[in-house]
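**Student:** attaching a predicted model along with its sequence, questions to come.
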Amino acid sequence: FTLSYNTFNGASPDGKLYVETGNGASRAVFDSGSAVLSYGKWQHIALSMDRKTGKAQLWLNGTAVGSGSIGSGFLADFDSNLPLRVGGMPSGRFFFAGLMDDWRIYTGNMDNNQVSTIIGEGAFAGGRGTSSEPFLVASPQQLNNVRFFLAGSFRQTDDITVSTSWTPIGVFTLTNSLVPFTGSYDGGGYRIINLSAMAYNDLPAGLFAVTSGASLRGINLQSVNVTASPGPTPTPSPAHAVGALVGAATNTVIHRCSSNGTVFNNGGTAQNGSNVGGLAGYVSGGSISESYSAASVTGFEKVGGLVGSCNANINNSYATGPVSGAASGDVYLISGLVGNAVGGSITASYAAGKVLQGSSTPAQGFAGYNGVTCTNCYWDMDASGASSSYGGGTGRTNILMIGSSQFSGWDFSSIWTIQEGNSYPYLRWQGVNAIPLPAFLPTSSTNRLFLSGNSSNTNGSQNLTAMGSPTWSSGALSGFVDGASFTGVVTGPA
């Protein structure tokens with residue numbers, strides 16, 4: 001039998017693994033299908049063959065990628081007691097022009113768990129890659145190794161600073177192809193810092209390029225920089241589906257994840273610069289819950305502070321970063337939370353970032369398009385500059401966004417919290433980190449004006465006393481007189 005890596009295949013190498021039988025004759029039994037090897041990276045290959053049944057299973061980086069019946073050819077090879085040749089064909093005509101390390105031969109047939117245990121030795125800080133014993137991730141190299149176990153389970157155990165350019169997990173550079181991450185990654189509330197990913201050739205980009213049926217929890221991306229740029233092809237074009245956490249997610253659960261930094265994909269056309277979000281570029285199915293983004297987001301259209309395009313359920317989430325779409329893009333597809341809300345529902349969520357089409361035209365405050373059901377959702381009209389939201393939500397002034405009593409139906413006992421009169425709502429799991437403050441509120445206590453009075457007197461006269469600096473008669477409030485009468489309506493949180 002022969003296990004080979006195709007870098008020739010005429011003039012078009014496909015990068016696949018092939019299992020052949022027949023004493024070196026080119027009679028392919030099966031290959032690795034859509035899974036291919038990437039140049040310049042270490043790969044783990046496992047081949048298990050059952051002589052009794054004539055069945056074989058092939059793994060690439062811990063994921064089963066092909067199987068087949070090897071039949072009598074396989075049996076004859078061993079019966080003939082032929083020599084084992086590593087790195088070349090039995091005929092001596094072709095040789096492997098790469099690096100190989102740590103060859104092992106076992107006498108028994110192996111299963112998925114056994115292969116995962118072997119490959120995980122040294123690749124992670126511990127674990128077996130199962131749901132009960134996830135691989136432990138504590139360093140940049142171990143984070144990079146996740147791409148070799150796309151169906152595995154992982155748990156991050158420390159903050160990780162990424163100092164080199166990041167290739168999104170699921171991207172295979174040899175053939176510009178994608179294999180989705182289908183496992184689970186629990187960030188444990190720790191941070192991934194300074195991740196910088198550059199996307200090429202229309203491939204999605206983020207920490208993960210594409211996920212399917214995956215679980216992403218507790219992942220906090222800090223100072224991220226995800227950028228789509230022309231790739232090294234004769235007709236380059238920027239990537240589709242760009243987000244800090246994931247470019248394109250299908251039937252994926254995203255829970256308690258966050259991002260800040262920059263996400264950029266302005267390809268110049270609706271085709272090449274769409275599906276851009278602060279956390280995820282494109283989401284279909286699954287859910288997003290208790291998550292937020294403060295990232296600055298730029299695209300052509302289908303651009304949102306949290307998600308670019310979404311057909312899934314979002315609840316208890318928010319976005320505060322600025323959002324910008326191209327001047328020639330669709331103003332109805334550039335929004336504070338979701339750029340293109342084509343389906344699903346959004347509940348108890350808000351947006352509070354500046355939203356622009358081009359350099360000066362206000363876009364949509366909360367959600368674009370109109371295929372989504374919004375319940376108890378809001379956007380800050382003052383901060384966003386937007387007076388409308390085509391996809392739903394309720395617009396409010398700054399002052400009505402900083403009091404818990406103004407958010408009907410929200411759970412401020414176990415999910416949300418707020419600094420009354422000072423901050424937007426934020427998620428309890430955040431603690432005191434990255435508390436979202438409205439831009440209009442001074443951050444220094446010496447420049448704040450506090451008003452006190454009898455809150456129970458809601459009709460008629462009201463005595464208000466100015467405290468701190470400035471006072472009624474100094475600074476920005478010069479011209480007011482302490483104790484003067486006031487006639488009108490005062491609105492704000494109770």
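**Tutor:** Arrived safely.
**Student:** you'd agree V137 is up against Q156?
**Tutor:** Yes - using C-beta atoms under 8 Å, V137 is in contact with Q156, at 4.7 Å. C-beta coordinates here come from the backbone N, C-alpha and C atoms, glycine included.
**Student:** so if I had to pick from these two, which one is more boxed in?
**Tutor:** V137 (29 against 26; other C-beta atoms under 10 Å).
**Student:** contacts only, for that one.
**Tutor:** 124-125, 143, 145-146, 154-157, 160 (C-beta atoms under 8 Å, 6 or more residues apart in numbering).
**Student:** who's the closest spatial neighbour of the residue nearest the centre of the chain, skipping the chain neighbours?
**Tutor:** Centroid check for the chain by C-alpha atoms, centre = their mean gives L245 as the closest residue, at 1.6 Å. Nearest non-adjacent residue to L245, counting by C-beta to C-beta, 6 or more residues apart in numbering: L279, 5.1 Å away.
**Student:** what's the pLDDT at that neighbour?
**Tutor:** At L279, the pLDDT value in this model is 98.
**Student:** equivalent analysis for A138, please.
**Tutor:** Per the predicted model, pLDDT is 96 at A138.
**Student:** so it touches R155, yeah?
**Tutor:** No - using C-beta under 8 Å, A138 makes no contact with R155, being 9.8 Å away.
**Student:** of those two, which one has the most company?
**Tutor:** Just comparing A138 and R155: by other C-beta under 10 Å the higher neighbour count belongs to R155, 22 against 17.
**Student:** you'd agree the more buried one is in a strand?
**Tutor:** Yes - counting by DSSP: H, G, I helix; E, B strand; the rest coil, R155 is located in a strand.
**Student:** quick one: contacts for it?
**Tutor:** Per C-beta under 8 Å, 6+ apart, neighbours of R155: 127, 134-137, 185-186, 188.
**Student:** what of T63?
**Tutor:** T63 touches 35, 149-151, 179, counting by C-beta under 8 Å, 6+ apart.
**Student:** so how far is Q57 from it?
**Tutor:** Using C-beta to C-beta, to the nearest Å, one obtains 11 Å as the distance from T63 to Q57.
**Student:** ok, F208 next?
**Tutor:** 26 Å.
**Student:** hang on, A434 packs against A294?
**Tutor:** Yes - between A434 and A294 a contact is recorded at 6.5 Å, counting by C-beta under 8 Å.
**Student:** okay, and the common contacts of those two?
**Tutor:** Contacts common to A434 and A294, judged by C-beta under 8 Å, 6+ apart, are 258, 260.
**Student:** rewinding a little: of F208 and Q57, who's got more company?
**Tutor:** Neighbour comparison, F208 and Q57: the larger count goes to F208, with 29 against 21 (by other C-beta under 10 Å).
**Student:** now the more buried one: closest residue in space that isn't a chain neighbour?
**Tutor:** In space, F208 is closest to V246, 4.3 Å off (C-beta to C-beta, 6+ apart).
**Student:** contacts only, for that neighbour.
**Tutor:** V246 touches 204, 206-211, 216, 252, 254, 279-281, counting by C-beta under 8 Å, 6+ apart.
**Student:** what do you get for L216?
**Tutor:** 184-185, 187, 208, 245-246, 249, 252-255, 257.
**Student:** out of those residues, which comes closest to G371?
**Tutor:** Taking C-beta to C-beta as the measure, G371 lies nearest A249 of these, at 17.9 Å.
**Student:** need the contact list for that closest one.
**Tutor:** Counted by C-beta under 8 Å, 6+ apart, A249 has contacts 208, 210-212, 214, 216, 280, 282-284, 286.
**Student:** could these be laid out in a markdown table, adding secondary structure?
**Tutor:** As requested, those are arranged in a markdown table below (three-state DSSP):
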| residue | secondary structure |
| --- | --- |
| F208 | strand |
| V210 | strand |
| T211 | strand |
| S212 | strand |
| A214 | coil |
| L216 | strand |
| A280 | strand |
| Y282 | strand |
| V283 | strand |
| S284 | strand |
| G286 | strand |
